[in-house]
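Student: Could you work out the structure for the sequence below:
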Amino acid sequence: MTSSMRDLKVYTTYPHSCSYLSDQEATTLFVDPRQPVDKLLYSNLSLLGFRRSGNHIYRPHCTHCEACIPARIPVAEFKPRRGQARTLKRNEDLRVRRSDDLRDDEAFDLYCRYIELRHADGDMYPPDREQYESFLNDAWGCTHYYRFHDNQSLVALAVVDELQDGLSAIYTFFDPTCDKRSLGSYAILWQIERARALGLEYLYLGYWISGCKKMAYKSDYQPLELYVNNRWSPAP
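Tutor: The predicted model follows:
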């Protein structure tokens, strides 16, 4: 079913305000929404720095800015730092369960609390159920929803795509009142271990942006590889 990469049609958006750098305009390159996509094509596009949002596969394509750099962790080489080891230890009591979707009220209520307390200044505020389900859907049958429970309480949910060579961390939301657990960091550490357990090579983290505080955390996970000049290379 997969088409040749040479046959793909891609389009660009008109310049618009950048969501990450307030003084910049952004242009986005995206794959034709009518293009049939399967896991192999999606994986190949991820190797070229593309990302997905719902059913849309995209990559920044800005004329005067190259701040958004695709990033991934080679999981076999990753060793947690002291603080990350403490985060792993602190969350050993959590129970993780995989589910097939996130359309239930429990998951959506958690998402609402997370957006309202952590991202009230972002594009996803106020939380909307239709947008939530569209953004985090299982577009091509390779998405898993990992639920983290403290006893009976859902405290975090990680949306993860399984690619040919790795996992792609699509989005994680969590209970914003559980600050001591560092649930955002723990979800990444858990996904690194999950990729290893599945025999996969990488955890794709999306875009690293040095001038954006919300994205700078990705450099805490070493070694990190960046997609620069059409090739993956170790981050300096």
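
Student: Identify the residue nearest the geometric centre of the protein.
Tutor: By Cα atoms, centre = their mean, the mean C-alpha position of the chain lies nearest to Ile170, the distance being 2.8 Å.

Student: that's a strand at Cys62, yeah?
Tutor: No. According to DSSP: H, G, I helix; E, B strand; the rest coil, Cys62 belongs to no strand; its state is coil.

Student: thinking it is in contact with Leu21, fair?
Tutor: No. Look at Cys62 against Leu21 with Cβ atoms under 8 Å: they stay out of range, at 9.6 Å. Every C-beta, even on glycine, is put in place using the N, C-alpha and C of the backbone.

Student: on that earlier part again, any idea how far Glu77 is from the residue nearest to the centre of the chain?
Tutor: Relative to Glu77, Ile170 is positioned 23 Å away (criterion: Cβ to Cβ, to the nearest Å).

Student: helix/strand/coil for the residue nearest to the centre of the chain?
Tutor: strand.

Student: Setting aside sequence neighbours, what's the nearest residue to it?
Tutor: Val159 (4.3 Å; Cβ to Cβ, 6 or more residues apart in numbering).

Student: ok, that neighbour touching Tyr171?
Tutor: Yes. Using Cβ under 8 Å, Val159 makes contact with Tyr171 at a distance of 4.7 Å.

Student: Next, the buried residues of the lowest-mean-pLDDT helix or strand in the chain.
Tutor: For the chain, the helix or strand with the lowest mean confidence is helix 213-216, at a mean of 79 (criterion: mean pLDDT, DSSP states H and E). Neighbour-count burial for helix 213-216, counted by 16 or more other Cβ atoms under 10 Å, picks out Met215.

Student: likewise stretch 170-186?
Tutor: 170-176, 178, 181-186.

Student: dump the residue contacts of Arg147.
Tutor: Arg147 makes contact with 96-99, 107, 154, 156-157, according to Cβ atoms under 8 Å, 6 or more residues apart in numbering.

Student: Select, from these, the two members most distant in space.
Tutor: Val96 and Ala107 (14.3 Å; Cβ to Cβ).

Student: Settle it for me: which of those two has more neighbours?
Tutor: Higher neighbour count among Val96 and Ala107: Ala107, with 19 against 14, using other Cβ atoms under 10 Å.

Student: that's a strand at that one, yeah?
Tutor: No. Applying three-state DSSP, one finds Ala107 to be helix, outside a strand.

Student: Now Leu200: closest residue in space that isn't a chain neighbour?
Tutor: Gly166 (4.7 Å).

Student: Just the pLDDT for the one you found.
Tutor: pLDDT, Gly166: 98.

Student: One more: Ser3?
Tutor: At Ser3, pLDDT is 53.

Student: picking up where we left off before, what sits in contact with each of Val159 and Tyr171?
Tutor: Leu136.

Student: buried stuff in stretch 226-235?
Tutor: 226-227.

Student: average pLDDT for that stretch?
Tutor: The average pLDDT within stretch 226-235 is 95.

Student: what's next to it, contact-wise?
Tutor: Outside stretch 226-235, the residues touching it (Cβ under 8 Å, 6+ apart) are 47-49, 69-72, 208, 219, 222-225.

Student: what ranges of the protein fall below the confidence cut-off?
Tutor: Applying pLDDT under 70 to the chain flags residues 1-4.

Student: circling back: CA atoms only: put the least confident helix or strand of the chain into PDB for me.
Tutor: This file holds the C-alpha atoms of helix 213-216, laid out as PDB (Å, rounded to 0.1, in the frame of the first residue of the first chain):
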ATOM      1  CA  LYS A 213      11.800  27.000  27.300                       C
ATOM      2  CA  LYS A 214       9.000  24.600  26.800                       C
ATOM      3  CA  MET A 215      11.200  22.500  24.400                       C
ATOM      4  CA  ALA A 216      14.600  23.000  26.000                       C
END
